[in-house]
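Chemist: prediction below, plus the sequence it came from.
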Amino acid sequence: MDQSIGYTREVGRKFHPDGSARLFPGNTVICFAAASEPLYQAAVGLQDRLRTTSYGHRFALLPPPSFHMTVIELLCDQVREQGNGRQRCRLMPRYRSPMRTFWSECRQCRPRRP
């Protein structure tokens, strides 16, 4: 991806240059933001202000009910970092096989005792 245009690192990974989503198979543990929380309300206000700027059209904004925080990234087909166990899951056209490998590895883990 040509980063000289000023795209975020997620363009070419999670998003196309036009802002539409790319296929990004995987699973994570997330925590949704509560609409009653001040941070949620601040994010809604920030989005509203951002939309009115001359560059607001360049952003693909989440609908507020989708506001969330990723707590744990479990398995992501595009992420194969050494040392986290994910490199054992081969890149395959079908998502099911890497998930079987991932859960098989998880079953072998034993909790650490303090």
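Modeler: The structure has been received and is ready for your questions.
Chemist: from now on I want contacts and neighbour counts done on CA atoms only, so please keep to that.
Modeler: Will do.
Chemist: mind giving me the packing neighbours of the biggest strand by length in the chain?
Modeler: Secondary structure of the chain per DSSP state E: the longest strand is strand 68-76. Strand 68-76 sits against strand 26-32, with contacts defined as 3 or more C-alpha pairs under 8 Å, 6 or more residues apart in numbering; DSSP states H and E.
Chemist: quick one: strands adjacent to the strand it packs on?
Modeler: Next to strand 26-32 in the sheet, as set by DSSP bridges, lie strand 68-76 (antiparallel).
Chemist: okay, buried residues for the partner strand please.
Modeler: By neighbour count with 16 or more other C-alpha atoms under 10 Å, strand 68-76 contains the buried residues 75-76.
Chemist: give me the mean pLDDT for that strand.
Modeler: Taken as a whole, strand 68-76 has a mean pLDDT of 79.
Chemist: go on, stretch 23-38?
Modeler: 86.
Chemist: check the gap between Lys14 and Ser20 for me.
Modeler: Lys14 sits 9 Å away from Ser20, going by C-alpha to C-alpha, to the nearest Å.
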